[in-house]
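[1] sequence first, predicted model second:
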Amino acid sequence: MSVRCGTIAHVSSRPAPAQRLRDLARLRRVKDRIDREYAQPLDVEALARGVHMSAGHLSREFKLAYGESPYSYLMTRRIERAMALLRRGDLSVTEVCFEVGCSSLGTFSTRFTELVGMPPSAYRREATRATAGIPSCVSKQVTRPVRNREAPAPSRN
């Protein structure tokens, strides 16, 4: 084994540009899959397997690229869809919970309240009044859920 003196290999923790582009393409596939299959049972491990990444690496890279974890993005998509279904008014909160892919009414209600700022039942009552006569494409933009830190604090009367 020969050793060359005076030569130091450049080692970096950052991926090469070509690898970074491949990772971004895989992350986009994960995001697209969440958008399409939000109502299916999805978890980070299954999403990572689908793009040949470890769950930890997928979570870190997804958060770097999109500003939130894959799970958080999935829950936001589910809550957005739940909001639309609740505005429609023909399903109960429990039916909406299962329709959007949540398996626990408690988790669904907690997450909904965190993102929207009110429980699903209250949202259903308010949204029906607030969006009456507004085209659905406009109401979708106006009623989009926000992150926890942006949700208005519930008023205490």
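    In hand now; what should we look at? Numbers count the residues shown, from 1 in each chain.
[2] after the helix ranked longest in the chain, heading C-terminal, what element do we hit next?
    The longest helix of the chain (DSSP state H) is helix 17-37. Following helix 17-37 in sequence order, the next helix or strand is helix 44-50 (DSSP states H and E).
[3] tilt between the helix or strand following that following helix and helix 17-37?
    Note on helix 44-50: by DSSP H and E, the next helix or strand toward the C-terminus is helix 55-66. In terms of direction (axes from the mean of the first three to the mean of the last three CA atoms, to 10 degrees), helix 55-66 departs from helix 17-37 by 90 degrees.
[4] what does helix 55-66 contact?
    Here helix 55-66 makes contact (CB atoms under 8 Å, 6 or more residues apart in numbering) with 23-24, 27, 30-31, 44-45, 47-48, 51, 53, 68-71, 73. In short, each C-beta sits where N, CA and C put it, glycine included.
[5] out of these, which two sit at the greatest distance?
    Farthest pair in those (CB to CB) is L24 and E45. Separation: 20.8 Å.
[6] show me which of the contacts of helix 55-66 are buried.
    23, 27, 30-31, 44, 47-48, 51, 53, 70, 73 (16 or more other CB atoms under 10 Å).
[7] find the helix or strand that the most centrally placed residue in the chain is a member of.
    The centre of the chain sits closest to Y73, judged by CA atoms, centre = their mean, with a distance of 1.1 Å. Taking DSSP H and E as the definition, Y73 sits inside helix 70-88.
[8] buried residues, that helix. List them.
    By neighbour count on 16+ other CB under 10 Å, the buried set for helix 70-88 is 70, 72-87.
[9] repeat for stretch 120-131
    Buried residues in stretch 120-131, counting neighbours by 16+ other CB under 10 Å, are found at 120, 123-124, 127, 131.
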